[in-house]
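[1] All I have is the shape, not the residue letters:
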């Protein structure tokens, strides 16, 4: 699941309408590797492709408030190179061009307490039973009509 990291309402929506998570569970940003200096302190350019390393942020509470841990302003960031996922990289790059923020919030595609979605049938079930607005499956976009 991905979302705009600037909109703090996304915390409530994801926690209460989609994931049914506790309020204190942090989200992680997925950040363009080439633009990480705009958001993170990572002078050694440590690779972080799996959201396993916490970084200090540069004005994180104002730039990406949804993607940081509120108590210490760190981010457990996924640093994305274009070769790792060209489609997601391009989506984030387009978002960056429009907003000057080279990141989106990233969280696992599952409901709280369930394993991560594994196939199309499971993805459609989670989409139907959650507050997700849009489901993007390869070349198809499915939007809920309220």
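    Sure thing, it's come through. All values derive from a computational prediction rather than experimental measurement. Residues are numbered from 1 along each chain as shown.
[2] any idea how far residue 3 is from residue 16?
    14 Å (C-beta to C-beta, to the nearest Å). Backbone N, C-alpha and C define where each C-beta goes, glycine included.
[3] swap in residue 14?
    7 Å.
[4] shared neighbours of these two, anything?
    residue 105 (C-beta atoms under 8 Å, 6 or more residues apart in numbering).
[5] Mind listing what's buried along the lowest-mean-pLDDT helix or strand in the chain?
    Least confident helix or strand, the chain: helix 60-63 with a mean of 76, by mean pLDDT, DSSP states H and E. If you call a residue buried by 16 or more other C-beta atoms under 10 Å, then helix 60-63 has these buried ones: 60, 63.
[6] Who is the most centrally placed residue in the chain paired with across the strands?
    Residue closest to the average C-alpha location in the chain (C-alpha atoms, centre = their mean): residue 106, at 1.7 Å. As for beta bridges, residue 106 partners with residue 2, residue 28 under DSSP bridges.
[7] for this protein, what's the longest helix?
    helix 86-99 (DSSP state H).
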